[in-house]
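> sequence unknown, structure follows:
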């Protein structure tokens, strides 16, 4: 009876009941508390309920690269922890080694969004466990299809590239045609580029061949008879012809063009009616583009022709030297010849010049 009463009292106080099966029954075991590794499990309270313990935070890290394998510094990384019990969004930026890291991240589902200008946004999703260091490894960003490239080259650099193309322009692939631009809004030439173009035009092998040809014609017709005949006479005619072209080119296309800041090139039109194009070509014998892009009287070409004619009196035979009136007359003739050359440029030469890029100037 006493044993039954003690068992009843013990049960009411929450202790372990004492077994009543026989006289040799053992003492009740002490209450035990259970816990999982990491201390995340609860304890069994006095009323049989589990008490939650602390949850270990983790971390998330990775590296951002482009498709070429180069690490990307400054990429924006957003960590979305919705439903994880922590902040909704955390942000970071990749460092000089392309790395990023988030510490003290609550376990649970997460979403990483990696983005930067010019690249497509990359999304990575996963589940972070308690105390885990989650490495997303390498995140590769792809260039977006709508990326725009801004050219920041200077006008001098652009002009240099355009001049390279112009210096490869040859009629029938042979005759130099340097002083024509098929770019309607070509960058203005620098003083150095004007002198270089004039020099290359003057020393081109075709220039020497053409000079020799015209000297031979003059020799055959005994033009400038004061030079005489034979080898010596031919050499004088060759020298005079070459000097005429060299002085005219250097003065009109380099010296005076730099002084007055004018562009010595003919700018191909290529569009509009035949009448409009013809008027444009003829007008370009007396007008030109300034380095500022505006049209103006072609002082450099006109004055260059007059100066070259005056200088030629120093080396032509006394009987064939021009007077002042004849010099101006020859300058007018030279202007007319320039108009004819421009008409040929506008309607014929381009068709005979191979490998000219299409600059959108229309069909020749």
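Arrived safely. Here the structure is a predicted model, which means the values were calculated and not measured.
> now do the helices in the stretch 1-150 of the chain.
With DSSP state H, counting those that start in this stretch as the criterion, the stretch 1-150 of the chain has helices at 2-12.
> ranges for the strands of it?
Taking DSSP state E, counting those that start in this stretch to define them, one finds strands in the stretch 1-150 of the chain at 43-44, 50-51, 58-66, 76-80, 89-93, 99-105, 108-115, 122-128, 133-141.
> turn those strands into a markdown table, including distance to residue 288.
Heads up, the C-betas are built off the backbone N, CA and C, glycines and all. Formatted as a markdown table, the strands of the stretch 1-150 of the chain follow (distance: least, CB to CB, whole Å):
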| stretch | distance to residue 288 |
| --- | --- |
| strand 43-44 | 96 |
| strand 50-51 | 94 |
| strand 58-66 | 48 |
| strand 76-80 | 52 |
| strand 89-93 | 54 |
| strand 99-105 | 59 |
| strand 108-115 | 51 |
| strand 122-128 | 55 |
| strand 133-141 | 50 |
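> closest to residue 327 out of those strands?
Of all the strands of the stretch 1-150 of the chain, the one in closest proximity to residue 327, counting by CB to CB, is strand 58-66 (66.9 Å).
> any idea of the mean pLDDT in the closest one?
Average pLDDT, strand 58-66: 91.
> going forward, count from 53.
Yep, numbering from 53; the last one is strand 110-118 now.
> what angle sits between it and strand 128-132?
Between strand 110-118 and strand 128-132, the angle comes out at 150 degrees (axes from the mean of the first three to the mean of the last three CA atoms, to 10 degrees).
> who does strand 110-118 touch, helix- and strand-wise?
Contacts defined by 3 or more CB pairs under 8 Å, 6 or more residues apart in numbering; DSSP states H and E place strand 110-118 against strand 151-157, strand 160-167, strand 174-180, strand 185-193.
> most tightly surrounded among those?
For the helices and strands packed on strand 110-118, the largest average neighbour count (mean count of other CB atoms under 10 Å) is found in strand 160-167, namely a mean of 18.
> that older thread, what's the closest of the strands of the stretch 53-202 of the chain to residue 280?
Proximity to residue 280 (CB to CB) singles out strand 110-118 among the strands of the stretch 53-202 of the chain, at 75.2 Å.
> contacts for the closest one?
123-124, 127, 129, 131, 146, 149-157, 159, 162, 164, 166, 171, 176, 180-193, 195 (CB atoms under 8 Å, 6 or more residues apart in numbering).
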